[in-house]
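Novice: predicted model follows, preceded by the sequence.
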Amino acid sequence: MNERGERGGFIHFGPFEVDLQAGELRRDGRLIKLQEQPFRLLTLLLARPGQIVGRDEIQRTLWPPGIYVDFEHGIGTAVRKLRATLGEEGEVDRYIETVPRRGYRFIAPVEVTATRKREPTLAPASASEAGHPERKPRSQTGRSRVWWIAAAIVLLAAVYLGYRRLRPPPAKASGPIRIAVLPFLNLSGDPSQEYFADGMTEALITELGRSGSLSVISRTSAMHYKGTTKTLPEIAAELNVDMIVEGSVIRSGTKVRVTAQLLDAHQDRHTWASTYDRDQRDIIALQDKLARDITREVGARLMLAGAPRTRPPPSVAPAAFESYLQGRFHYNKRTEADVQTALQCFESATRDDPDFAPAYSGMALCYLRLGDNTMPASEALIPAQNAATRALQLDPNWSQTHSARALLELAGRRWPSAEVEFKTALQLNPADADTNLEYALFLAQSGRLNEATSQFRQAMENDPLSVPLSSAAAIPWYYGRHYHEAIDQYQRALDMDPTYFRAIEGIGVALAVSGDYDAAAHDLERAQKIEDVPEISGYLGYVYARSGKRAQATRLLRVLTERAEARFVSPADILPIPLGLGDKDAAFRLLDQAYEDHSDTLRTLKMDPIFDPICADPRFLDLERRVGLLESGPSPAPPPN
């Protein structure tokens, strides 16, 4: 029996009535045609009026396991169809409220009855439903029988829902247990020590991820709950986790006290707690001990086993660890100035402790991020390579070292070796959000769009609140020339953060290559107001040139060229303007310069639609060969002119 036939009772809101047993929606007694998935969505929302229903739960309700579709796009389609049926298009929400980053909530008053309030009208609600089959009225005896059946089902459903709220969910039959580490509290009484508490949180996430037994929510999403007042069940529902770790840090001189507790996320109750007092020199051993205790505690309840260490954790000089945590604090902010500061902190850590591998990994990642932004990538590669080599010698099992090596291999145009390093990094730490993102981009740039989409989906499961990740997930659609779908995904990122300029820029570029130049200029100008970076000016020049505003495009080209004389500007940032102007010779001069600089942009040559006008040029094919793209995967056929 299908899902509709297994339920009974009637739910009323506004002029609408839902017959759960018959699987029908009526308005003022008249039957309204509603497709299966929007109806499932409606009943799911009505089951918990006033409560947020997360996207993951909607996905599980609308699609059975094993179905491969673009769930986010499908959910949006189901919501739009349901809203259109309820008459919400273009109006203030009366029934369904969108809760950004989380899901949807039914906000209208709801009444549940065992009987229908009014007799059904056999005529459909509009001419569009005229073909819907009519139903003969039931007899009074039949209605009485249905009343008793419906009443029994409603009662049983109420008992079942109450039981579900009281009991813990069953352990998963397969797959790792999902766990989130909430930001540790800084109880030192000094706000300037926040970086230390944040660093302990990140370190524990990394250590738990290395266990191999747990699926750990990435740092980016976990940090959204710093200072939150939400309950554990609310957080668990948003992150789709089974267990939550909370903790606090107190530091006095060289002594550190860490208190941690493991909680059943669904029942909001403690299952384990412990306090650790250590000298700061033994802080890495403390992190290791804490992670293994948590893994063992979860394992005792769910029969898991953590991955054994190949050697005991090293000690670290307190000053080096202090500088390292400050470096991670700044690196995670991602601004150019913060990455520069992070590099200085990591360098300081290596001076205080020349054998501290994570600091060298941090240095390598900083140089790679600064390359092609504040300096040519070719200048950043040598110090990045030296730092990564030293880190690998000290600790071959540190995941961030392999992430850095993957990017170095890409810069050296060694695509197969880069993939090996990406996979090694993710095997060592599946919760590393940066590596997940970079590997997904690698797959997309290789032309392996289905794999890239799958990798993005997997990454977003571990990092569901990451705006950059959600925005980057549009790239496979963009590379595949599915511009509307790409724009939809960029919009999902903007639903999470309306000021994220990369998503606005992405929408502008997608509109530009699809030929909607006025809309593209509007979005790119909006992105530029938020963050004035040369890359956006280059795309604006492309749009101006393609729309016939050649004087404006030439002016932007001159501005970027003059700026490049005063400070480093990547030739890849200037490149879109001669592409828009149709100046192929100038475009290839910039491409050759980008090749000499080892610019990251050359990784996109094969897939980016902006290169379609020159992709048949022999010079372009030669450049693809030199970059190693001809062997990296299939290329899309350019759209017809």
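Specialist: Done, it's in.
Novice: use CA for all of it now, contacts and neighbours both
Specialist: Noted.
Novice: thought G628 was touching S417?
Specialist: No - counting by Cα atoms under 8 Å, G628 stays clear of S417, with 11.9 Å between them.
Novice: okay, and the common contacts of these two?
Specialist: Counting by Cα atoms under 8 Å, 6 or more residues apart in numbering, no residue touches both G628 and S417.
Novice: can I assume E88 sits in a strand?
Specialist: No - assessed with DSSP: H, G, I helix; E, B strand; the rest coil, E88 is coil; it does not lie in a strand.
Novice: now for it, how many residues are close by?
Specialist: 16 (other Cα atoms under 10 Å).
Novice: got a list of what it touches?
Specialist: E88 sits in contact with R94, Y95, where contact means Cα under 8 Å, 6+ apart.
Novice: ok, it to L82 distance?
Specialist: Using Cα to Cα, to the nearest Å, one obtains 9 Å as the distance from E88 to L82.
Novice: and what of S403?
Specialist: As judged by Cα to Cα, S403 and L82 stand 44 Å apart.
Novice: wait, isn't T401 in contact with L394?
Specialist: No - contact criterion Cα under 8 Å: T401 and L394 do not qualify, at 10.4 Å.
Novice: looking at those two, which is more packed in?
Specialist: Remark: of T401 and L394, T401 carries more neighbours, 29 against 16, as counted by other Cα under 10 Å.
Novice: could you check how far that one is from A440?
Specialist: 18 Å.
Novice: what segments of the stretch 351-500 of the chain are helices?
Specialist: Assigned by DSSP state H, counting those that start in this stretch, the stretch 351-500 of the chain shows helices spanning 357-370, 377-394, 399-411, 415-428, 433-445, 449-462, 467-472, 475-479, 483-496.
Novice: could you dump those helices into TSV and include distance to T601 and mean pLDDT?
Specialist: Below are those laid out as TSV (distance: least, Cα to Cα, whole Å; pLDDT from 0 to 100):
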stretch	distance to T601	mean pLDDT
helix 357-370	13	94
helix 377-394	11	94
helix 399-411	10	94
helix 415-428	15	94
helix 433-445	10	93
helix 449-462	18	92
helix 467-472	15	94
helix 475-479	14	96
helix 483-496	19	94
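Novice: redo those as CSV? Include distance to D600.
Specialist: Shown next, in CSV, are the helices of the stretch 351-500 of the chain (distance: least, Cα to Cα, whole Å):
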stretch, distance to D600
helix 357-370, 10
helix 377-394, 8
helix 399-411, 7
helix 415-428, 13
helix 433-445, 11
helix 449-462, 18
helix 467-472, 15
helix 475-479, 15
helix 483-496, 21
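Novice: T77 is nearest to which of these?
Specialist: Closest approach to T77 among the helices of the stretch 351-500 of the chain (Cα to Cα): helix 483-496, 10.9 Å.
Novice: neighbouring contacts of that closest one?
Specialist: 73, 100-101, 465, 467-468, 470-478, 500, 503-504, 506-507, 510-511, 514.
Novice: which stretches of this protein have low pLDDT?
Specialist: 1-8, 64-73, 89-92, 100-101, 117-175, 211-212, 299-314, 630-641 (pLDDT under 70).
Novice: now do the helices in the stretch 201-350 of the chain.
Specialist: 219-222, 232-239, 283-302, 318-331, 336-352.
Novice: closest to P191 out of the ones you listed?
Specialist: Here helix 318-331 is closest among these (Cα to Cα), at 13.7 Å.
Novice: show me what the closest one is packed up against.
Specialist: If you count contacts as 3 or more Cα pairs under 8 Å, 6 or more residues apart in numbering; DSSP states H and E, helix 318-331 packs onto helix 194-209, helix 336-352, helix 357-370.
Novice: tell me the most buried of those helices?
Specialist: Neighbour counts (mean count of other Cα atoms under 10 Å) averaged over each of the helices and strands packed on helix 318-331 peak at helix 357-370, with a mean of 26.
Novice: now S466: how far from R390?
Specialist: Counting by Cα to Cα, the gap from S466 to R390 is 31 Å.
Novice: please apply the same query to R292.
Specialist: Using Cα to Cα, R292 is found at 27 Å from R390.
Novice: just the helices in the stretch 501-641 of the chain please.
Specialist: Assigned helices in the stretch 501-641 of the chain, in chain order: 501-513, 517-530, 534-546, 550-566, 571-574, 576-581, 584-596, 618-627 (criterion: DSSP H, counting those that start in this stretch).
Novice: identify the residues contacting the longest one?
Specialist: Defining contact as Cα under 8 Å, 6+ apart, one finds that helix 550-566 is touched by 534, 537-538, 540-545, 569-570, 574, 577, 581.
Novice: identify the residues contacting the closest residue to T85 other than its chain neighbours.
Specialist: Once flanking residues are discounted, T85 sits nearest to L34: 7.4 Å by Cα to Cα, 6 or more residues apart in numbering. For L34, the contact set (Cα under 8 Å, 6+ apart) comprises E24, L25, L82, T85.
Novice: since we're on D622, how many residues are nearby?
Specialist: There are 12 residues near D622, going by other Cα under 10 Å.
Novice: what's the separation between it and K606?
Specialist: As for D622, its distance to K606 is 12 Å (criterion: Cα to Cα).
Novice: before we move on, what SS does the residue nearest to T85 have?
Specialist: coil.
Novice: make JSON lines from the contacts of helix 550-566 and add neighbour count and distance to R30 to it.
Specialist: Listed next are these as JSON lines, based on neighbours: other Cα atoms under 10 Å; distance: Cα to Cα, whole Å:
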{"residue": "P534", "neighbour count": "22", "distance to R30": "58"}
{"residue": "S537", "neighbour count": "24", "distance to R30": "56"}
{"residue": "G538", "neighbour count": "25", "distance to R30": "56"}
{"residue": "L540", "neighbour count": "30", "distance to R30": "53"}
{"residue": "G541", "neighbour count": "30", "distance to R30": "56"}
{"residue": "Y542", "neighbour count": "33", "distance to R30": "54"}
{"residue": "V543", "neighbour count": "32", "distance to R30": "51"}
{"residue": "Y544", "neighbour count": "25", "distance to R30": "53"}
{"residue": "A545", "neighbour count": "23", "distance to R30": "56"}
{"residue": "V569", "neighbour count": "22", "distance to R30": "65"}
{"residue": "S570", "neighbour count": "26", "distance to R30": "63"}
{"residue": "I574", "neighbour count": "28", "distance to R30": "61"}
{"residue": "I577", "neighbour count": "27", "distance to R30": "58"}
{"residue": "L581", "neighbour count": "22", "distance to R30": "59"}
